[in-house]
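Student: Okay, predicted coordinates and the sequence, questions at the end:
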Amino acid sequence: MAEIEVFVEINASVDKVWEIVSDLDNEPKFWKGTKEVKNISKNGNVVKREIVIAFRDQKCIQEIKLLPKEKIEIVFTKGIIDGNKIISILTKDNKTILKVNWNIKLSGIMSMFTSIIKNHIENGTIQSLDKIKEEAESK
């Protein structure tokens, strides 16, 4: 499993940061690894969707649980990625901390390449958080 933890301090309110990260349809704007999203179903704060990731245009199914202004729990349930991504919003010294934890591996025969893609995902996550920070601080 690849375990990744990345965070950024944002000079914006939790509300502004939550508004950006909880807009699931807008994810490709901030996460370059996500090319397309298609919602399949929504039941309360749980969304099931299909995404197309940049890695070989692979489709993945995700189940997402939104815990307002606290965290987003994303579980990969089908596709080339197994595991989860958790996006958390914390506060410290009047700043908002946006933290992302990945615990994933590539599925099937591709699992041997998990360590190779770890750095790619970590760098992509840093870029994504920087984009979210820029958006939140400009509002």
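Tutor: It's in. Numbering: from 1, shown residues only.
Student: residues making contact with whichever strand or helix holds Leu66?
Tutor: Element membership of Leu66, judged by DSSP states H and E, is strand 59-67. Residues from elsewhere that reach strand 59-67 (Cβ atoms under 8 Å, 6 or more residues apart in numbering): 22, 24, 40, 45-53, 72-81. Where C-beta positions appear, they are placed from N, C-alpha and C, glycine not excepted.
Student: Show the end-to-end separation of stretch 66-82, please.
Tutor: 19 Å (Cα to Cα, to the nearest Å).
Student: can you pull the buried residues of that stretch?
Tutor: Leu66, Lys71, Ile72, Ile74, Phe76, Gly79, Ile80, Ile81, Asp82 (16 or more other Cβ atoms under 10 Å).
Student: quick check, distance from that stretch to the centre of its chain.
Tutor: The chain centre lies 7 Å from the centre of stretch 66-82; the measure is Cα atoms, centre = their mean, to the nearest Å.
Student: swap in stretch 116-129?
Tutor: Stretch 116-129 has its C-alpha centroid displaced from the chain centroid by 11 Å (Cα atoms, centre = their mean).
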